[in-house]
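Build me a model:
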Amino acid sequence: MKALIQGLTQLGKSAYHGTSAKAIKKLQKTNVFNPISGNNPSADIGIHVGLNPSTANKIVTNKSEAAIIPLTLDPKLKPLRIPDVGAFKYPESWLRTLPNSDVPSKLKTELLKAAKTAAEIGERNSKVGQRNYFDTATGRGYWLQTLRNILKKYKFDSFIYKNKHEIDIGMEPLDSIMLLNPRQLKYKTSKTKTFTESQANRKTGGLVLTGV
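This next block holds a predicted model:
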């Protein structure tokens, strides 16, 4: 297990979440990062954070709307190293990317079995609802909870991957972490650094990072 999380020298220190100004306004009302993003059909699952601010937000096409939130991660985080799945909410993405990965064989087998079952459930529900089941909050919630349960069994609680999609051309992929629970992070400016509740806590300074 130590080999899988080797090199995470920034855990408990700084991480960065890229988002939009519109999402910031919603976040400021609750101070809770939602790992299934409510009813937004284009949303993925998990709370994705970068360990480098320069690569934390490459997916917001309108750069005037892009924002980066500096965070502190739970120092007890135990992430499992996986490939960049791409669209994490779709079990089919896991079925494509996991087979040739270095995930321990027993855990890999269980993840692939769960992904196959989830894909079948998704196909049945998509036919009824006329849209992909995993584009709904119900579908995303089901798959997220499935991943949580499997990781807990093997004493992991999150994922780490080389982010191949949120980088500049010619740049080497850097590590991003996919958190599964809002309790695993706090605002960098938060007064409290306890990781026992979902709220990111009150801020003592600016929420958004500028000049990156």
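
what are the bridge partners for Pro79, then?
Ser158 (DSSP bridges).

thought it was touching Ile160?
Yes. Between Pro79 and Ile160 a contact is recorded at 4.0 Å, counting by CB atoms under 8 Å. To be clear about C-beta, it is placed using only N, CA and C from the backbone, and glycine gets the same treatment.

Show me where the protein has its helices.
Ranges of helices within the chain are 21-30, 91-97, 105-129, 137-153, based on DSSP state H.

mind putting those in a markdown table, distance to Arg183 and mean neighbour count included?
Below are the helices of the chain laid out as a markdown table (distance: least, CB to CB, whole Å; neighbours: other CB atoms under 10 Å):
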| stretch | distance to Arg183 | mean neighbour count |
| --- | --- | --- |
| helix 21-30 | 14 | 13 |
| helix 91-97 | 24 | 19 |
| helix 105-129 | 23 | 15 |
| helix 137-153 | 12 | 17 |
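
So which of those helices is nearest Ile45?
Comparison of these against Ile45 by CB to CB identifies helix 137-153 as nearest, at 4.7 Å.

Which neighbouring elements make contact with that closest one?
helix 105-129 (3 or more CB pairs under 8 Å, 6 or more residues apart in numbering; DSSP states H and E).

quick one: low-confidence parts of the protein?
Applying pLDDT under 70 to the chain picks out residues 1-13, 21, 28, 54-65, 129-130, 167-169, 192-194, 196-212.

again, only this time at 90
1-34, 36-43, 50-72, 74-75, 125-131, 163-175, 183, 185-212 (pLDDT under 90).

elements contacting the longest strand along it?
Counting residues, the longest strand found in the chain (DSSP state E) is strand 66-73. Secondary-structure packing of strand 66-73 (3+ CB pairs under 8 Å, 6+ apart): strand 15-20, helix 21-30, strand 185-187.

so can I have JSON lines of those showing distance to Gly122?
Converted to JSON lines, the helices and strands packed on strand 66-73 look like this (distance: least, CB to CB, whole Å):
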{"stretch": "strand 15-20", "distance to Gly122": "26"}
{"stretch": "helix 21-30", "distance to Gly122": "26"}
{"stretch": "strand 185-187", "distance to Gly122": "28"}
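
hmm, back to that, mind checking which of the helices of the chain is nearest Ala43?
helix 137-153 (7.2 Å).

What would that closest one look like as CSV? C-alpha coordinates only.
Output of helix 137-153 as CSV, limited to C-alpha atoms (Å, rounded to 0.1, in the frame of the first residue of the first chain):
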residue,chain,number,x,y,z
ALA,A,137,-27.8,12.7,-9.7
THR,A,138,-29.3,9.3,-8.8
GLY,A,139,-27.0,7.4,-11.2
ARG,A,140,-23.9,9.4,-10.1
GLY,A,141,-24.7,8.9,-6.5
TYR,A,142,-25.1,5.2,-6.9
TRP,A,143,-21.7,4.8,-8.7
LEU,A,144,-19.9,7.1,-6.2
GLN,A,145,-21.2,5.1,-3.3
THR,A,146,-20.2,1.9,-4.9
LEU,A,147,-16.6,3.2,-5.3
ARG,A,148,-16.6,4.4,-1.7
ASN,A,149,-17.7,1.0,-0.4
ILE,A,150,-15.0,-0.9,-2.4
LEU,A,151,-12.2,1.4,-1.4
LYS,A,152,-13.2,1.3,2.3
LYS,A,153,-13.0,-2.5,2.1
